[in-house]
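> just a sequence and a predicted model for now, questions to come.
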Amino acid sequence: FAEVAEPLDTLKVPHAMGLLRELEMHGTKVSDPTDWIKRAVEEVGSDAMEEDDDAVEDKLTELNTSGRLLAPIQVAEVKGGLERLPEEDALD
């Protein structure tokens, strides 16, 4: 686990989960799953984790300032969970 945790952490959760699902589908044909994951991450490169371009947080702020909610959304409490979703689902 420790050998693949660091490379997988360079990916956004949906991307890492996609690679793991792909490994699961090909599992009987993969002789070294650890190496397979490392090579797969190297091939795709790491996902950019741009803090300045945070669409989820921007949407939450927009909702909080819109006047359409009875109470503000507690951004710190929900942001982490929403960021685990594909961005289009989190923003929908």
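Noted; the coordinates are in hand. Residues are numbered from 1 along each chain as shown.

> CA atoms for contacts and neighbours, from now on please.
OK.

> if you skip the residues just before and after it, what's nearest to L63?
L69 (7.3 Å; CA to CA, 6 or more residues apart in numbering).

> any idea which element the one you found lies in?
Using DSSP states H and E, L69 maps to neither a helix nor a strand.

> longest helix of this structure?
In terms of residue count, the longest helix belonging to the chain (DSSP state H) is helix 13-26.

> helix or strand right after it?
Under the assignment DSSP H and E, the closest C-terminal helix or strand after helix 13-26 is helix 33-44.

> what does that next one contact?
E3, V4, P7, L8, L19, L20, L23, G27, V30 (CA atoms under 8 Å, 6 or more residues apart in numbering).

> thinking again about what came up before, next, the buried residues of the longest helix of the chain.
In terms of neighbour count (16 or more other CA atoms under 10 Å), helix 13-26 has its buried residues at V13, H15, A16, L19, L20, L23.

> go through those and name the one nearest E57.
E57 has its nearest neighbour among these in V13, at 16.9 Å by CA to CA.

> pull the contacting residues for the closest residue to that closest one other than its chain neighbours.
Among residues not flanking V13 along the chain, R84 sits closest, at 5.8 Å (CA to CA, 6+ apart). Taking CA under 8 Å, 6+ apart, we find R84 in contact with K12, V13, P14.

> export those to CSV and tack on distance to A76?
What follows is the contacts of R84, written out as CSV (distance: CA to CA, whole Å):
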residue, distance to A76
K12, 19
V13, 18
P14, 21
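
> my read: L85 touches P14, true?
Yes - L85 lies in contact with P14 (CA atoms under 8 Å); the separation is 6.7 Å.

> what is the burial count for L82?
16 (other CA atoms under 10 Å).

> surely it and D54 touch.
No - applying CA under 8 Å as the test, L82 and D54 come out as separate, 11.6 Å apart.

> show me the shaky parts of this protein.
The chain contains residues with pLDDT under 70 at 46-53, 90, 92.
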